[in-house]
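[1] Sequence and computational prediction follow.
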Amino acid sequence: MSECTLTVVMPVFNEERVIRDVLAAVARDVLDLVPFSELVVVDDHSTDATAAVLAEVAARDPRVRVLTNSSNAGHGVSVRRGFDAARGEWILQIDSDGQVDLTQFATFWAQRDDVDLVTGVRSQRHDPRHRLVLTRVTRLVVSVLARRRLRDANAPFKLVRSSLVRHLADRMPADAFAPSILVALGAARSGARIREVEIVHLARPFGRSTLRVGRLARACALSGWQTLRFSLTPMPPYRAER
C-alpha cells in the first residue's frame, strides 16, 4: 500500500467466538468507507482458534495485516505495537470484543478535519461494577493531570492523527499498561485539539473480560504510576499541519 489514509489498530486475545463478526464489521463500516485504509491486528499470543480466523481473513483481504506477539505481552503492549506499525495518516484504536458499534465510525470520520483527536465517551456502560468504578477514578485523575476535563480517557474508540501519536511515543513507556490513556492525557498537555463524542457501548456478546479484580488492582497501580510519571514529563507543544 503506497499511501495510507487510515490504520485501524486492534489488539486481540482469545476472542474466537466474536472475532469473525468484529473483523467483518471493521471491513464493512470502516475500511470500505475510507479508501487506502488498513487494519493492523495484534494477536497477543492467543491460545484458542483466534489465530486461525485471523490468518483466514488476512488471506482474503489484503487490507488486513496480522502481527503476532511471541508471548502474552498484554493489551497495552499490543496497542503500542499496533501504533508503531501503523502507516496511516490517521489511527483508529479499537478493541476486539465487539462492545462498540462500528457504524458510529462514520460520525467520527466526518469530524476529524479541525481536530487532532476524536475520542468516544461511553455514556452508558455495560460492564461489571468494578470497571465502572475504575472509569470514574480514571476520569478524575486524568482530568486533574490534564488540567481539563476528559470524560472517558480510556475509551477503546479513538481516532487520532498518527503525527500526534509519534509526537507522544518517545515519552510513553514501551510497556505502558494503558497507552490509550496516555494518548488522551498527552494530547491535552501538548495543546492538541480534542473532540469528545458520545458513543453506544454494547454488552459483551460472549465470555467475560480476562482481567479479574485482583489482577485489575495490580494493573491499576502500575497504570497509575505510569500515568503520573508521564504527566511529569516535559511535553513540547504539538502542532499539526493545518
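    Yes, it's here.

[2] what are the ranges of the helices in this protein?
    19-26, 50-60, 75-85, 105-110, 129-146, 162-169, 179-189, 213-232 (DSSP state H).

[3] CSV for those helices, including mean pLDDT, distance to residue 155 and mean neighbour count?
    For the C-beta atoms, the positions are set from N, CA and C on the backbone; glycine is no exception. Shown next, in CSV, are the helices of the chain (pLDDT from 0 to 100; distance: least, Cβ to Cβ, whole Å; neighbours: other Cβ atoms under 10 Å):
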stretch, mean pLDDT, distance to residue 155, mean neighbour count
helix 19-26, 97, 17, 19
helix 50-60, 98, 23, 16
helix 75-85, 96, 13, 22
helix 105-110, 96, 11, 16
helix 129-146, 79, 9, 15
helix 162-169, 96, 16, 20
helix 179-189, 96, 7, 25
helix 213-232, 80, 15, 14
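
[4] In CSV: the ones you listed, plus distance to residue 34.
    Below are the helices of the chain laid out as CSV (distance: least, Cβ to Cβ, whole Å):
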stretch, distance to residue 34
helix 19-26, 11
helix 50-60, 18
helix 75-85, 17
helix 105-110, 7
helix 129-146, 29
helix 162-169, 14
helix 179-189, 20
helix 213-232, 30
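
[5] out of those, nearest to residue 205?
    helix 19-26 (7.8 Å; Cβ to Cβ).

[6] pull the CA atoms of the closest one into PDB?
    Below are the C-alpha coordinates for helix 19-26, written out as PDB (Å, rounded to 0.1, in the frame of the first residue of the first chain):
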ATOM      1  CA  ILE A  19     -13.600 -12.100  16.200                       C
ATOM      2  CA  ARG A  20     -15.000 -13.100  12.800                       C
ATOM      3  CA  ASP A  21     -18.000 -10.800  13.300                       C
ATOM      4  CA  VAL A  22     -15.800  -7.900  14.500                       C
ATOM      5  CA  LEU A  23     -13.500  -8.300  11.500                       C
ATOM      6  CA  ALA A  24     -16.500  -8.200   9.200                       C
ATOM      7  CA  ALA A  25     -17.800  -5.000  10.900                       C
ATOM      8  CA  VAL A  26     -14.400  -3.300  10.600                       C
END
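
[7] by contact count, what packs against it?
    strand 6-12, strand 37-43, helix 50-60 (3 or more Cβ pairs under 8 Å, 6 or more residues apart in numbering; DSSP states H and E).

[8] do that again at 10 Å, thanks
    Helix 19-26 sits against strand 6-12, strand 37-43, helix 50-60, strand 90-94, with contacts defined as 3 or more Cβ pairs under 10 Å, 6 or more residues apart in numbering; DSSP states H and E.
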